[in-house]
Structures are given as structure tokens and as C-alpha cells.
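Engineer: For reference, the sequence and a predicted model appear below.
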Amino acid sequence: MRLFVSGGAGFIGSNFVRRMLAKHDDVEIVCFDKLTYAGNLDNLKPVEDHPRYRFVRGDICDAAAVHEAVRGVDAIVNFAAETHVDRSIAEPETFLYTDIIGTHTLLEAVREQGIGRMVQVSTDEVYGSIDTGSFCETDRLSPSSPYSASKAGGDLQALAYHTTYGAPVMITRGSNTYGPYQYPEKLIPLFVTNALEGKQLPLYGDGMNVRDWLHVDDHCDGIEAVLMNGEPGEVYNVGGGNERTNREITSIILDELDLSESVITWVEDRPGHDRRYSISCAKLRGIGWDTIVDFEQGLRATIRWYRDNEPWWHKIKHGEGEFARWQKRWYDDRS
Ligand code: NAD
Ligand code: TYD
């Protein structure tokens with residue numbers, strides 16, 4: 001199977017590329033990525049010389065580049081997106097281009113070139129916050145942030161392309177994902193690397209917002225299950241079943257690194273901050289998927305991965321990239 005993996009240089013995409021090449025002898029991958037601040041070829045170093053892997057730098061909003069690069073592939077898996085909620089609050093415009101127009105560009109390529117399958121990788125954040133119970137795939141979308149609204153726009157384009165043109169597209173809605181190679185602006189890698197550097201951990205609001213945490217390997221396996229066995233036009237939730245408050249996540253990080261709570265700084269809450277995410281994954285289980293990674297073991301192994309791979313994140317946090325500008329812009333206003 002020849003796969004076109006857009007956004008494959010980011011966190012989940014690079015884990016997916018490495019995992020699919022290791023699991024299957026008959027999978028070829030074209031990784032297509034714009035290399036924004038979040039895209040990082042270091043994430044793909046372990047496979048850069050792999051005979052069944054090729055990298056193409058390009059933008060999913062660039063129709064000509066997409067049409068050229070997808071020629072001959074059997075399926076598209078789209079990870080490419082602007083993904084950070086806080087950035088979408090401060091600087092929303094690029095989210096609309098990549099997450100909506102970019103998705104549309106890929107759908108057009110599927111339609112015009114008759115590509116057999118496409119998985120649009122989306123998020124549980126499109127449903128919005130839920131106080132009790134869990135969302136299933138038919139629940140209404142009620143996104144709160146410019147990020148989740150843009151992702152919802154991409155989802156709706158994909159479903160409309162299936163209804164109108166019969167495009168063979170499936171959607172996955174994953175929950176908060178953790179694991180190696182996550183850009184250190186997101187909660188877990190930011191807090192772990194700050195703790196390792198002797199810096200403060202900025203907890204928003206009362207620290208009691210709940211996220212459902214999913215190991216990246218389990219997320220990748222869910223996407224693979226949908227790619228192989230999903231029904232076109234259908235949506236599949238992919239959740240870890242591990243609901244924790246941000247305060248609880250912080251406690252595990254501090255415990256693993258043997259630090260006290262004095263490193264926590266309470267900062268002003270994120271505007272529009274969703275209180276709780278929760279999804280039901282019975283539908284995905286019905287096509288042969290389940291989680292494998294135990295949450296506490298997976299989180300502690302992830303913390304140790306950042307401790308043992310300092311050069312990977314040090315280059316991001318202290319190199320010439322975007323990280324310092326963003327941290328100054330966002331956190332200076334909130335502490
Ligand atoms: P990420 O921010 O780590 O990586 C995004 C990748 O997309 C980067 O490599 C970036 O260079 C690339 N990219 C961005 N704009 C592009 C464009 N216009 N053209 C081509 N490439 C572009 O993201 P991630 O955390 O790996 O998330 C991947 C996907 O999974 C996203 O669609 C996201 O919405 C979804 N998702 C993420 C999570 C999570 O917790 N991280 C949970 C559920 C769903
Ligand atoms: P994040 O990793 O940005 O993922 P998302 O907003 O997509 O769920 O944030 C996870 C949770 O952690 C969310 O409730 C916001 C909170 N958070 C903090 O308390 N402090 C921080 O510095 C960050 C980045 C997030």
C-alpha cells in the first residue's frame with residue numbers, strides 16, 4: 001500500500017510514519033509536510049534512509065504541489081494542521097487556511113485522482129466541553145476555540161465530499177495524545193521540560209480541567225484500524241479512557257522527577273477553556289481496535305523519554321526557531 005502522509009513531520013504523524021514502516025513490509029510512505037515551527041525532520045531521522053520512505057516539503061493548501069505529490073498513492077492520511085489552542089486564540093488566521101482550505105485541497109485531490117481512501121485525522125475538541133457522560137460520533141459539533149472550530153470545518157468538508165461526490169473519506173476524532181516527539185508547547189512536554197530545566201510549571205485557572213489522555217501508539221493504531229477497516233463517510237472516536245485533571249497530570253510529573261509542588265505557578269485561565277473532554281469509543285472497538293498502553297506506565301515512560309532525549313527538545317526550546325517568541329508572547333501576559 002502506498003500512503004501519502006501529510007503533516008508526517010509533526011508529533012503524531014512522525015510516530016505514525018515510523019510505526020507503519022516498522023509494522024508492515026508492504027507499506028510505502030510519501031511524507032508531505034510544510035515544516036512549520038511544529039514540523040521537525042529530527043522526528044523522522046530514524047527512517048530518513050528507509051527504502052520505502054520519501055519526504056516532500058510542501059503545503060497542503062498548495063493544490064499543484066499536492067496533486068503532484070499524491071500521484072499514484074492508494075490512500076491519504078492527513079495529520080497536517082495548526083494544532084495549538086493557545087496559538088489559535090492569539091493568532092487564529094493560519095488555522096483557517098491549513099485546517100479547512102488544506103483539508104479541502106486534499107479532498108479535491110482524492111476526487112480528481114480517484115484515490116482509494118482518505119483518513120482525516122481530527123480531534124475530540126470539535127464536540128466541545130461535556131460536564132457528564134461522553135460524546136459519541138453522532139453528537140452535534142460545538143467547538144469553543146478557533147482551533148477546534150477550524151478542525152470542525154475540515155470534518156464537515158470531508159463529510160460533505162462523501163455525501164456529494166462519494167469521496168471515500170473517514171474521520172478519526174482522537175483525544176489528548178501524549179508520547180515521545182511532542183512539540184514542547186503542549187501541556188505534558190512543556191511541563192516535563194520546564195521541570196527538567198528548573199523552571200516553573202504554568203497551570204491555568206484552578207487546574208481542574210479534565211482531558212482524556214491517549215498514548216500516541218494507541219492513537220496511531222486507531223488511525224490504522226480506520227484506514228484499513230473503516231467505512232467511508234463514517235466518523236470514529238479514538239480515546240484513551242484516561243480522564244485526568246491537569247493537576248493530577250502535574251502531580252505524576254513532579255513525582256517521577258522527584259520535585260515538590262513549589263514549581264507550580266498558577267496563571268490566568270485560557271479564554272473559552274473547555275472544562276472536560278470525554279468520548280465513547282465503542283464504534284472503533286467494533287472494527288478491531290483497543291488501547292494497549294497503561295496510562296500511568298505510559299506517562300512515566302514518556303517523562304523519562306524527555307529526560308533522556310534532552311538534545312531533541314533543547315534545540316527546539318533554545319535554538320533559532322519560534323519557541324521563545326511564542327512563550328514570551330503568551331505567558332508574559334498571563335503570569
Ligand atoms: P503537530 O502540531 O505536532 O504537527 C503538525 C504537522 O503539520 C507539522 O509537521 C507541521 O509542519 C505540519 N503542517 C502544518 N501546516 C501544514 C501545511 N499547511 N501543509 C503541510 N504540513 C503542515 O500536530 P500533532 O499533535 O501531531 O497533531 C496531528 C493531527 O492530529 C492534527 O490534525 C491534530 O488536529 C490531530 N490531533 C492531535 C491531538 C494531540 O493531542 N496532539 C489529539 C487529537 C487530534
Ligand atoms: P494542551 O496541551 O494545550 O491541549 P488542549 O488544549 O488541546 O487540550 O492543554 C491541555 C490542558 O492543559 C488544557 O486544559 C490547558 C492546560 N494547560 C495548562 O494548564 N498550562 C499550560 O501551559 C498549557 C500549555 C496547557
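Structural biologist: Sure thing, it's come through. Predicted, not measured: the structure shown is a model, and the values here were computed from it. Ligands and ions are numbered 1, 2, ... in the order given.

Engineer: In the stretch 1-150 of the chain, what residue comes closest to ligand 1?
Structural biologist: Here the stretch 1-150 of the chain gets closest to ligand 1 at one residue, G10, 2.0 Å apart by C-beta to the nearest ligand atom. In short, each C-beta sits where N, CA and C put it, glycine included.

Engineer: mind checking pLDDT for that residue?
Structural biologist: Here, the pLDDT recorded for G10 equals 98.

Engineer: Quick check: closest non-adjacent residue to it.
Structural biologist: With sequence-adjacent residues excluded and distances taken as C-beta to C-beta, 6 or more residues apart in numbering, G10 is closest to A38, at 5.2 Å.

Engineer: same question, K186
Structural biologist: K186 sits nearest to H84 (C-beta to C-beta, 6+ apart), 7.0 Å away.

Engineer: Just give me the neighbour total for the one you found.
Structural biologist: Around H84 there are 20 other residues, counting by other C-beta atoms under 10 Å.

Engineer: where's it relative to P143, distance?
Structural biologist: Going from H84 to P143 by C-beta to C-beta, to the nearest Å gives 15 Å.

Engineer: what residue ranges in the stretch 51-200 of the chain score low on pLDDT?
Structural biologist: Judged against pLDDT under 70, the stretch 51-200 of the chain has no low-scoring part.

Engineer: What segments of it are strands?
Structural biologist: 53-57, 75-78, 117-123, 169-174, 176-178 (DSSP state E, counting those that start in this stretch).

Engineer: Next, format those as CSV and append mean neighbour count and distance to ligand 1.
Structural biologist: Converted to CSV, the strands of the stretch 51-200 of the chain look like this (neighbours: other C-beta atoms under 10 Å; distance: least, C-beta to the nearest ligand atom, whole Å):
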stretch, mean neighbour count, distance to ligand 1
strand 53-57, 16, 9
strand 75-78, 26, 7
strand 117-123, 25, 4
strand 169-174, 26, 4
strand 176-178, 24, 4
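
Engineer: would you turn the ones you listed into a markdown table with distance to V27?
Structural biologist: Putting the strands of the stretch 51-200 of the chain into a markdown table (distance: least, C-beta to C-beta, whole Å) gives the following:
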| stretch | distance to V27 |
| --- | --- |
| strand 53-57 | 9 |
| strand 75-78 | 10 |
| strand 117-123 | 13 |
| strand 169-174 | 18 |
| strand 176-178 | 21 |
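
Engineer: of all those strands, which lies closest to S14?
Structural biologist: strand 53-57 (10.8 Å; C-beta to C-beta).

Engineer: and the one residue in the stretch 1-150 of the chain that gets nearest to ligand 2, what does it touch?
Structural biologist: Residue nearest to ligand 2 within the stretch 1-150 of the chain (C-beta to the nearest ligand atom): V85, separated by 4.0 Å. The neighbours of V85, taking C-beta atoms under 8 Å, 6 or more residues apart in numbering as the test, are E125, S145, Y147, S148, R270.

Engineer: Next to ligand 1, which bits of this protein? Give me the list.
Structural biologist: Neighbours of ligand 1 within the chain, by C-beta under 6 Å from any ligand atom: 6-7, 9-13, 33-36, 38-39, 59-61, 79-83, 98, 102, 121, 123, 151, 174, 176-177, 183.
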